[in-house]
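Student: please find the sequence and the predicted model below.
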Amino acid sequence: MRIVKTKDYDEMSRKAANIFFAQIVLKPDSVLGLATGSSVLGLYENLTASFKCGDLDFSEVKTVNLDEYAGLDGKNDQSYRFYMDGNLFSKVNIKKENTNLPDGLAKDMAAECARYNSLIESFGGVDIQLLGIGHNGHIGFNEPDCCFIKGTHVVDLSVSTIKANARFFADEKDVPSQAYTMGIQNIMQAKRIVLCVSGSQKAKILREALFGDVTPQVPGSVLQLHPDLIVVADEEALGGSDWV
Ligand code: GLP
């Protein structure tokens, strides 16, 4: 594991974006595993700026997102498809058909999970996976559980995740109770993982995830076992930094 410590959110976003920048320059047909949430928004802004000034080309890039709410249409402004279209895909020259998220409206949920697993496999795996971490240690929407679930699956969101994500919705009761997520094996099979973490409210869980026991009760703790994990985190998330 490598830890890149940054002064603040903006520096975290720039440095994490630089890793993705290098990936795309060195392998223009990279498969990017992407994430949503506030931790990664600045990274998308930086990648968009690099595209606008002519330094990045997304024409051969393929993407697979980690997760999507079940029951939301991609046009719903709370769906992760909407987030990705608005914050990255519509701003760069990526081909829409090369962008992938689970279909929140799929009729047959089990078939949708199987389709998503096959899709990732058909790409030959993910070259670089972007992650944030939830307050309870979730990655993607892999919630604390009694075991690590391997493949794409449907989860019942925990009360704490629903509360944390309610800030994006008009009302807490509008937050879907279920979501699709890549499983732990899907995530761990990525060749490289970049975890972005910012703010003091994440310090405790980040420390637990990186240095505590590897346990499905803290899903992010499994990342300790990945051979190429880069944690890009600001001073606040690193809790005053006596431990790095
Ligand atoms: C959501 C997403 C995760 C994300 C997490 C943290 O629940 N499903 O993929 O990493 O929240 O989000 P944020 O970066 O906004 O704290």
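Tutor: Received it, and whenever you're ready, just let me know what you need. Numbering: from 1, shown residues only.
Student: residues contacting the residue minimising distance to the centre of the chain?
Tutor: Nearest to the mean C-alpha position of the chain, by C-alpha atoms, centre = their mean, lies residue 35 at 2.6 Å. Residues in contact with residue 35 (C-beta atoms under 8 Å, 6 or more residues apart in numbering) are 65-67, 130-132, 140. Every C-beta, even on glycine, is put in place using the N, C-alpha and C of the backbone.
Student: at 10 Å what do you get?
Tutor: Residue 35 is in contact with 43-44, 65-67, 80, 83-84, 129-133, 139-140, 194-196, counting by C-beta atoms under 10 Å, 6 or more residues apart in numbering.
Student: now the longest helix along the chain, how far from the centre of its chain.
Tutor: Longest helix in the chain by number of residues (criterion: DSSP state H): helix 9-26. In terms of C-alpha atoms, centre = their mean, to the nearest Å, the centre of helix 9-26 is found 15 Å from the chain centre.
Student: from the contact counts, what lies against it?
Tutor: strand 2-6, strand 31-34, helix 41-52, strand 128-131, strand 192-197, strand 229-234 (3 or more C-beta pairs under 10 Å, 6 or more residues apart in numbering; DSSP states H and E).
Student: let's have these in JSON lines, adding mean neighbour count and distance to the ligand.
Tutor: Listed next are these as JSON lines, based on neighbours: other C-beta atoms under 10 Å; distance: least, C-beta to the nearest ligand atom, whole Å:
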{"stretch": "strand 2-6", "mean neighbour count": "16", "distance to the ligand": "15"}
{"stretch": "strand 31-34", "mean neighbour count": "25", "distance to the ligand": "9"}
{"stretch": "helix 41-52", "mean neighbour count": "19", "distance to the ligand": "8"}
{"stretch": "strand 128-131", "mean neighbour count": "26", "distance to the ligand": "6"}
{"stretch": "strand 192-197", "mean neighbour count": "24", "distance to the ligand": "8"}
{"stretch": "strand 229-234", "mean neighbour count": "24", "distance to the ligand": "12"}
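Student: do the longest helix of the chain and the ligand meet at all?
Tutor: No - Helix 9-26 does not reach the ligand (C-beta under 6 Å from any ligand atom); its nearest approach is 10.5 Å.
Student: can you give me the end-to-end distance of stretch 115-132?
Tutor: By C-alpha to C-alpha, to the nearest Å, the extent of stretch 115-132 from end to end equals 24 Å.
Student: where does this structure have low pLDDT?
Tutor: Scanning the chain for pLDDT under 70 picks out the ranges 240-244.
Student: what parts of it come near the ligand?
Tutor: Residues of the chain lying near the ligand (C-beta under 6 Å from any ligand atom): 35-39, 66-67, 132-134, 140-141, 161, 165.
Student: I'd like to know which of those residues is nearest to residue 104.
Tutor: Distances from residue 104 to these, taken as C-beta to C-beta, are shortest for residue 67 (10.0 Å).
Student: cool, thanks, signing off.
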